[in-house]
Each structure stands twice: as C-alpha cells, then as structure tokens.
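In: Predicted structure and sequence below. I'll ask about it afterward.
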Amino acid sequence: MPYTITRLSVEDFRDSVQELAGLLCDTVSGGASLGFLAPLGRDAAEAWWRAREAAVADGGLAVWVSRGPGGVDGTVSLAFEAKANGRHRAEVVKLMVHPRARGRGLGRGLLAAAERAAAEAGATLLLLDTETGSDADRLYGAAGWTRYGIVPDYAADPAGSLRDCSFYYKRLG
C-alpha cells in the first residue's frame, strides 16, 4: 500500500486533529507507551492535540503524518529548543504507528523525515526517550541512535505498570 509522509502546516494540523486523536487513542489502546493511560478517551486525545496548535503555529513544533488508504496511520513530531543555549538541538516526540500499519517501514520513514528536517533547520543534536525493550527502542538502535542511559520505573505504560525508559541521542551532520 502506498503511504505519503508530509509535514503539516498549521491549517493542515487543525484539519488533522480528529485523525491524530484517533491514531493516539488506537496506539495507546494497542499498548504503546506515549505518556497516556488506557483507556484514553477521544475528547482527551483531541484536547491534547489541540493544545499543540500554538507550538505548530510558532514553529516550535513540527508534525508529520503518514497517510495511506485508511487515512493517518502514523505521526512524529519534532520539538525545537527555544532556549538560546540549546538551539542546536531538538527532541523527537510522539512517534507512533497505528497497530494495523506496523511492519511496513512507516516508523523508520517518519523518523527519517524528522531527522532531515532537523538537519535542514540547523539542529546538530537530536534527543528522544522510549520504553526500554519496546519496538520503538529497537527501531532507534537500528536507526543509528545512541542510548545514553536507562532510568528504571520511569513511566507507567497504558495499563499503569511502571516501565524502564531508554534515553537516546543522535548527532546530525
């Protein structure tokens, strides 16, 4: 199936909030540790995404989606550092692929899009964190990211169980 990965303008972001909320709900329901507990209600997911609109509008947050025949099947965001002494870095956040679309390279494609955009924006260092032992953890290692630590019991998974978290960085350029 063909998929396209595009960066959302603020207008496109507004128009995509409902689909992004559905993706977030389904991904959390599928067990992905994204900072939310299950069950995540659609209204709460939409409110979470809508709260990001100002950051998208001011350029502090870039959001990409992967669209296929069923609509939005994946997303990733890149949070740019606002502090003057940290403008050389950005954080990859909320990389998620719908359970029905996994195993097709969407996660790797979304991550690569965020990395390219970060480099084009002048970032030389990227950071992220993820649940240790998760599919995402394996993806980041395979994509050339360096794990610099694991914090035990860092965050609860969607079921409420505490999980370890791996922290990664990647130098660009």
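Out: Everything's here; your move. Source: prediction; values computed, not measured.

In: any idea which helix or strand comes after the longest helix anywhere in the chain?
Out: Of all segments of type helix in the chain, defined using DSSP state H, the longest is helix 10-29. Counting by DSSP states H and E, the element after helix 10-29 in chain order, helix or strand, is helix 42-50.

In: What lies in contact with that following helix?
Out: Identification of contacts with helix 42-50 by CB atoms under 8 Å, 6 or more residues apart in numbering yields 17, 18, 20, 21, 22, 24, 25, 36. For glycine as for every other residue, the C-beta is placed from the backbone atoms N, C-alpha and C.

In: now those as TSV including neighbour count, distance to residue 92 and pLDDT?
Out: Shown next, in TSV, are the contacts of helix 42-50 (neighbours: other CB atoms under 10 Å; distance: CB to CB, whole Å; pLDDT from 0 to 100):
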residue	neighbour count	distance to residue 92	pLDDT
17	17	21	98
18	15	24	98
20	24	16	98
21	22	20	98
22	16	22	98
24	25	16	98
25	19	21	98
36	20	18	97
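
In: The residues you listed: which two are farthest apart?
Out: 18 and 36 (17.0 Å; CB to CB).

In: related to what we said a few turns ago, for the longest helix of the chain, packing partners?
Out: helix 42-50, helix 53-58, strand 61-68, strand 71-80, strand 89-97 (3 or more CB pairs under 8 Å, 6 or more residues apart in numbering; DSSP states H and E).
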